[in-house]
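*Asks:* predicted model, plus sequence, below.
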Amino acid sequence: MPLTGDRSPAERMSQPVALILAAGKGTRMQSDLPKVLHEIAGRPMVEYVLDTARAAGAERLVVIVGHQADLVRSRLSHRTDVEFALQTEQLGTGHAVQMCADQLASHDGPVLVLAGDTPLLKPASLAGLLAEQQEHSAACVIGTAVTKKNEGLGRVVRNEAGDFERIVEQKDCSPAEAAIEEINTGCYVFDSRQLLAALKHLRPNNQQGELYLTDCPAVMLAAGETVVASCRLDIQEAIGINTPAQLAEVAEILAEHNRSES
């Protein structure tokens, strides 16, 4: 792979950009520290996500900050490969990505969107999603996983042909939808132009009154674009850290991975 400096401006604009959602407070962590700065083996959890995105092929890394934004910026100041976007109000994941419009304005290629609290993501899984987006010329590829422990997770609804239809959040699920075991992992690859267009159509038509990024695929489908739900991730990768107990669980999993590799 050529060095970034050897690429033409057009080539650089077409390389993957990763947007990392890191604006939340994380109230269930029982700490004033921004959730993504809680450490695993001496490193903030968000750094594991950044490293994975880079290893998967992301050329640019954009961290969306909000709660204690200056502290997050400061903690990541040693990383010259990171840009920041500011979400001054936490109005949902769709709103967070809207805050990256400037960073995406000149981009014409794939956009990875990842949660900053998922440090078990694997580069191969994200690289697979990126490859699938290119293969299908898809407006969006949604990374999914299957689990019986689906409480609190967005369900992936497919039509009779098995194609993606929509994502339904837990609080908006019907009883039949609540029983679905395929879940949205919160990992996406979007075509940048299609993403910017779909973001303009988001409305807070849900119980939370927020702008859901999960509504973008439905907007794209309605416009006749290709959306793929790819069950490429294992459920362990999709673990989002919301509590001290989950932080300890993920720390042990990572330690076990390190022991097995040594």
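*Replies:* Looks like it arrived, so ask away.
*Asks:* tell me if Val250 really is in a helix.
*Replies:* Yes: judged by DSSP: H, G, I helix; E, B strand; the rest coil, Val250 forms part of a helix.
*Asks:* ok, now which ones touch it?
*Replies:* When contacts are counted by CB atoms under 8 Å, 6 or more residues apart in numbering, Val250 touches 40, 45, 119-120, 239, 241. Just so you know, the C-beta spots here come from the backbone N, C-alpha and C atoms, and that holds for glycine as well.
*Asks:* quick check: the farthest pair among the residues you listed?
*Replies:* Farthest-apart pair in the contacts of Val250 is Ile40 and Ile239; separation 11.9 Å (CB to CB).
*Asks:* what is the burial count for Ala58?
*Replies:* Neighbour count of Ala58, defined by other CB atoms under 10 Å: 26.
*Asks:* again, but for the one 4 residues further on
*Replies:* Applying other CB under 10 Å, we find 24 residues neighbouring Val62.
*Asks:* let me know whether it touches Gln103 as I believe.
*Replies:* Yes: using CB atoms under 8 Å as the test, Val62 is close enough to Gln103 to be in contact (5.1 Å).
*Asks:* joint contacts of those two?
*Replies:* Joint contacts of Val62 and Gln103 (CB under 8 Å, 6+ apart) are 17, 19, 83, 85.
*Asks:* strands of the stretch 101-250 of the chain, start to end?
*Replies:* Secondary structure of the stretch 101-250 of the chain (DSSP state E, counting those that start in this stretch): strands located at 110-115, 140-146, 155-158, 164-168, 182-191, 227-230.
*Asks:* strand partners of the second one, parallel vs antiparallel please.
*Replies:* For strand 140-146, the pairing partners within the sheet under DSSP bridges are strand 182-191 (antiparallel), strand 227-230 (parallel).
*Asks:* out of these, which gets nearest to Glu135?
*Replies:* Nearest to Glu135 among these is strand 227-230 (9.0 Å), distances taken as CB to CB.
*Asks:* how about the closest one as PDB, C-alpha atoms only?
*Replies:* Extracted in PDB, the C-alpha atoms of strand 227-230 (Å, rounded to 0.1, in the frame of the first residue of the first chain):
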ATOM      1  CA  VAL A 227     -28.600  -1.600   2.000                       C
ATOM      2  CA  VAL A 228     -27.000  -4.900   3.200                       C
ATOM      3  CA  ALA A 229     -27.200  -6.400   6.600                       C
ATOM      4  CA  SER A 230     -24.100  -8.500   7.100                       C
END
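*Asks:* pull the distance from it to the chain's centre.
*Replies:* Here strand 227-230 is found 15 Å from its chain centre; the criterion is CA atoms, centre = their mean, to the nearest Å.
*Asks:* ok, and what's touching it?
*Replies:* Outside strand 227-230, the residues that touch it by CB under 8 Å, 6+ apart are 128-129, 132-133, 136, 138-144, 156, 158, 163-164, 182, 217, 220-221.
*Asks:* ok, now stretch 26-42?
*Replies:* Outside stretch 26-42, the residues that touch it by CB under 8 Å, 6+ apart are 22, 24-25, 44-46, 48, 67-68, 71-72, 75, 116-117, 119, 241-244, 247, 250-251, 254-255, 258.
*Asks:* can you measure across it, start residue to end residue?
*Replies:* End-to-end span of stretch 26-42 (CA to CA, to the nearest Å): 19 Å.
*Asks:* what mean pLDDT does that stretch get?
*Replies:* Stretch 26-42 carries an average pLDDT of 93.
*Asks:* rewinding a little: need the strands paired with strand 140-146 in CSV with distance to Arg203 and mean neighbour count, can you?
*Replies:* Shown next, in CSV, are the strands paired with strand 140-146 (distance: least, CB to CB, whole Å; neighbours: other CB atoms under 10 Å):
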stretch, distance to Arg203, mean neighbour count
strand 182-191, 19, 24
strand 227-230, 19, 21
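*Asks:* which one of these lies nearest to Asn205?
*Replies:* Here strand 182-191 is closest among these (CB to CB), at 17.8 Å.
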